[in-house]
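Chemist: Provided below are the primary sequence and the corresponding predicted coordinates.
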Amino acid sequence: MKTYTKYLTFNTKNKIEFVRITNDVEKAVEESGVKEGIVLVNPMHITASVYINDAESGLIHDFEKWLEKLAPKDKNLYKHNLTGEDNAYAHLWRTIMGRECAVAITNGKLDLGPWEQVYYAEFDGQRKKRVLVKVLGE
């Protein structure tokens, strides 16, 4: 079995940002030479998420509004912020949106549905962060 590792680096302009990374993941799969297998995409930070969904701006706006309702950004709500941090909501949002995604590779390509795209969701940005892309297969 082949393995291939690539790190994507992000430094978002905004504290909260949704970045479509499908092309970056596709490039890593191509670089790996794997034709049949799986790719794992994992943000290596506890205030970010990787997920798969539609690349539609209204939906991305809705995600942020929905997350805000579930875990508001209000700094006074969370004990975590008593440590000097102000990002408790970001940890909760990451838990809600999930840690990582895995995508099948078929004939050397991501085997996504017709509207599916891979996204990196940053909830506490404006600093350098990494995403692991691990390709496994033959």
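Modeler: Yep, that arrived. Numbering: from 1, shown residues only.

Chemist: contact partners for K2?
Modeler: Neighbour list for K2: 32-34, 37, 135-138 [criterion: CB atoms under 8 Å, 6 or more residues apart in numbering]. Where C-beta positions appear, they are placed from N, C-alpha and C, glycine not excepted.

Chemist: tell me which of these fall in strands.
Modeler: 37, 135-137 (DSSP state E).

Chemist: just say helix, strand or coil for I60.
Modeler: Here I60 is recorded as helix under DSSP: H, G, I helix; E, B strand; the rest coil.

Chemist: likewise E64?
Modeler: Three-state call for E64 (three-state DSSP): helix.

Chemist: residues in contact with it?
Modeler: 16, 18.

Chemist: repeat that with 7 Å
Modeler: By CB atoms under 7 Å, 6 or more residues apart in numbering, the contact list for E64 reads I16.

Chemist: tabulate the ones in strands among the contacts of K2 (a markdown table), appending neighbour count, distance to A55 and pLDDT.
Modeler: Listed next are these as a markdown table, based on neighbours: other CB atoms under 10 Å; distance: CB to CB, whole Å; pLDDT from 0 to 100:
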| residue | neighbour count | distance to A55 | pLDDT |
| --- | --- | --- | --- |
| G37 | 20 | 24 | 98 |
| V135 | 24 | 22 | 99 |
| L136 | 17 | 26 | 98 |
| G137 | 20 | 25 | 98 |
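
Chemist: ok, these vs I21, which is closest?
Modeler: V135 (14.2 Å; CB to CB).

Chemist: that concludes my questions; thank you for your assistance.
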